[in-house]
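Engineer: Provided below are the primary sequence and the corresponding predicted coordinates.
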Amino acid sequence: MAGIKAIDSAVLTIVDNTIMLNFAQGILLVESTYGHIEHNLISQNYKANLAFGGAASADTVVIRNVIREGRAEGIFIIESGFAWIIRNEIIDNADGLILFDATPLISGNSIEHNQRSGITCSGCSYPKIEKNKIFGNAQSGINFRDQSKALAEGNKIYRNYYQFSARSFTKQDSRIMQESNEIDGDVEVCSNCTIF
């Protein structure tokens, strides 16, 4: 079971808690629910530390949390409307954030030392990713899959295996990504990658 689960159009405020060691998600906001999640320690849950989404889901705010050591994603967002992921520490999860058909604002976070990617954008995700420190992730700092792209500006991306990797970027997309962010290290861009 999830540590906290919201259903049936619930609106939750979750502030100043420790949410850990649950056999499912730490926090699960099911379709049509949303929440304000602030200043919590969300750690060591067996599924995503925090998961939310669904076609009728929007306006979730995730701010100033420590989200760490999850066996799956730190944050998993699927088919969600706009959400704010701001000033969190997202550390040592299997993946930092995974987005599928989602468009959140990801700003001012420290996304570090995750076992795969810092941020994975998949499906048709189009997030705004700004002013984050993304470093020490074992694969990509930011991984763009499928048809996903992002407005990414002012990020410091370094000490990842690839600073960013993209499957469907044009040369211009890659150039804009590199010019708009402080990137130190290799990038991997191709039109038909087989490493994914």
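Structural biologist: Yep, that arrived. Numbering: from 1, shown residues only.
Engineer: What strands line up against the lowest-mean-pLDDT helix or strand in the chain, and which way round?
Structural biologist: Using mean pLDDT, DSSP states H and E, strand 188-189 stands out as the lowest-scoring helix or strand of the chain, at a mean of 86. When pairing is defined by DSSP bridges, strand 188-189 lines up against strand 162-166 (parallel).
Engineer: The strand it pairs with - what's its average pLDDT?
Structural biologist: Mean pLDDT, computed over strand 162-166, is 95.
Engineer: if we can go back for a sec, please list the residues outside the least confident helix or strand of the chain that contact it.
Structural biologist: 140, 162, 164-166, 169, 174, 195 (Cβ atoms under 8 Å, 6 or more residues apart in numbering). Where C-beta positions appear, they are placed from N, C-alpha and C, glycine not excepted.
Engineer: now the protein, which segments are flagged as low pLDDT?
Structural biologist: 190-196 (pLDDT under 70).
Engineer: rerun at 50
Structural biologist: Within the chain, the segments meeting pLDDT under 50 span 196.
Engineer: for Phe135, which residues make a bridge with it?
Structural biologist: As assigned using DSSP bridges, the partners bridged with Phe135 are Glu112, Tyr158.
Engineer: can you pull the contacts of Asn49?
Structural biologist: 19, 25-27, 42-43, 67-68, 70, 72-75, 93.
Engineer: Switch those over to CSV; also include distance to Gly136, neighbour count and secondary structure.
Structural biologist: Compiled in CSV, these are given as follows (distance: Cβ to Cβ, whole Å; neighbours: other Cβ atoms under 10 Å; DSSP: H, G, I helix; E, B strand; the rest coil):
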residue, distance to Gly136, neighbour count, secondary structure
Ile19, 24, 23, strand
Gln25, 25, 26, coil
Gly26, 22, 30, coil
Ile27, 25, 29, strand
Ile42, 20, 32, strand
Ser43, 18, 21, strand
Ile67, 15, 32, strand
Arg68, 13, 21, strand
Gly70, 16, 30, coil
Ala72, 19, 17, coil
Glu73, 17, 26, strand
Gly74, 14, 34, strand
Ile75, 17, 31, strand
Asn93, 12, 31, coil
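Engineer: what sits against Thr13?
Structural biologist: 35-36, 38.
Engineer: Widest-spaced pair of the contacts of strand 188-189?
Structural biologist: Spatial extent of the contacts of strand 188-189 (Cβ to Cβ) is set by the pair Ser174 and Ile195 at 16.2 Å.
Engineer: Between these two, which has more neighbouring residues?
Structural biologist: A direct count of neighbours by other Cβ atoms under 10 Å for Ser174 and Ile195 places Ser174 higher, at 15 against 11.
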